Every structure is written in C-alpha cells, then in structure tokens.
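Asks: Show me how the following folds:
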Amino acid sequence: MDAIGLRAHLGYVLSEAERAVNRGLSAALQAEGVTVEQWRILQALSDGRGHSMGDLAEAALMPHPTLTKAVDRLVDGAVVYRRQDPSDRRRVAVYLSEAGTTLLARLDHAATAHHRAVESRFGTARAEALMRELTDLIETVR
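Replies: Next up is the predicted model:
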C-alpha cells in the first residue's frame, strides 16, 4: 500500500503527524540527553505526587516494559526515585528528585520553544483549534 492509500486512514495520518512533531521535539530535548518518552514521564511526575508504574505508563503513552526501562535509566541518572507507598506497602511509587525538577525546568524551556516554533509555522489559531479537535476526538473514541 502506498502512502497516498495510507493517508486515507485517520490512524495513519495521526501517526505521521505525531512523528513529524515529535522529531522536532526530540531534537530540542536531545541537548539534555532526554527522550520524548522520558520527558513525558518527568512531566507526569511534576505534580509532586508519587505515581505508580501503571499510572505513568498511561500518562506517558508507553507500554509497561518500555516504561520500566525508561524509568530505570532515569533512576540511574538520579532524576527520579522509587519509594514504597506508606499507605500501601505493596505499591511502589516513582517521584521526581530535586535534580529531576531542575532538569525538567530546562526541558520545559526547550519544549515550549519547540511548541512556539510549530505554532509559528502552522499558525497559533490553527494549532489551538487542532488541539481542541484532537482532544474531542480522544474523548469520543474512548
């Protein structure tokens, strides 16, 4: 099947758009040695509450085994840490460390700059409308 035939399918076009946007975001985050997936993990942890691996997998849009490897790398870099949940000793939660908070502040600048660059090329109003439409699509198909 050629790209034109594939582009008749919403799932394909969404995936292609995601790859195109994330290619630039990946380049923006690369200076800090962080992947887009790791940035998503750090963003999810930025609320200061510990999160289970299941919650992080959902928030970061990652399969559980891939998430585990990414979190292990972040733990090795002292950017996040794991701790047993005091209210449920069977649960392990992941938290953002002080170093992770500092790193995330730098990453936020890079991600925001990337977002603004996409908006300037695509148009702010169009980007905002697209985000609203995609959010509605997500809610509709859930």
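Asks: can we go C-alpha only for contacts and neighbour counts from here?
Replies: Noted.
Asks: Can you tell me the SS state at Val92?
Replies: Secondary structure assignment for Val92 (DSSP: H, G, I helix; E, B strand; the rest coil): strand.
Asks: Can you verify my assumption that it contacts Tyr81?
Replies: No: with contact defined as C-alpha atoms under 8 Å, Val92 does not count as touching Tyr81 (10.1 Å).
Asks: Sort out which residues of stretch 65-85 are buried, please.
Replies: Within stretch 65-85, the residues that count as buried by 16 or more other C-alpha atoms under 10 Å are Leu67, Ala70, Val71, Leu74, Val75, Val79, Val80, Tyr81, Arg82.
Asks: Give the rounded mean pLDDT of it.
Replies: Computed over stretch 65-85, the mean pLDDT rounds to 95.
Asks: Can you give the distance from that stretch to the centre of its chain?
Replies: The chain centre lies 15 Å from the centre of stretch 65-85; the measure is C-alpha atoms, centre = their mean, to the nearest Å.
Asks: Now intersect the buried residues of stretch 65-85 with the helices, please.
Replies: Within those, residues falling in helices by DSSP state H are Leu67, Ala70, Val71, Leu74, Val75.
Asks: Spell out for me which residue occupies the centre of this structure.
Replies: Arg40 (2.6 Å; C-alpha atoms, centre = their mean).
Asks: Is that one in a helix, a strand, or coil?
Replies: Per three-state DSSP, Arg40 ends up helix.
Asks: Now do the contacts for it.
Replies: Counting by C-alpha atoms under 8 Å, 6 or more residues apart in numbering, Arg40 touches Ala59, Ala60.
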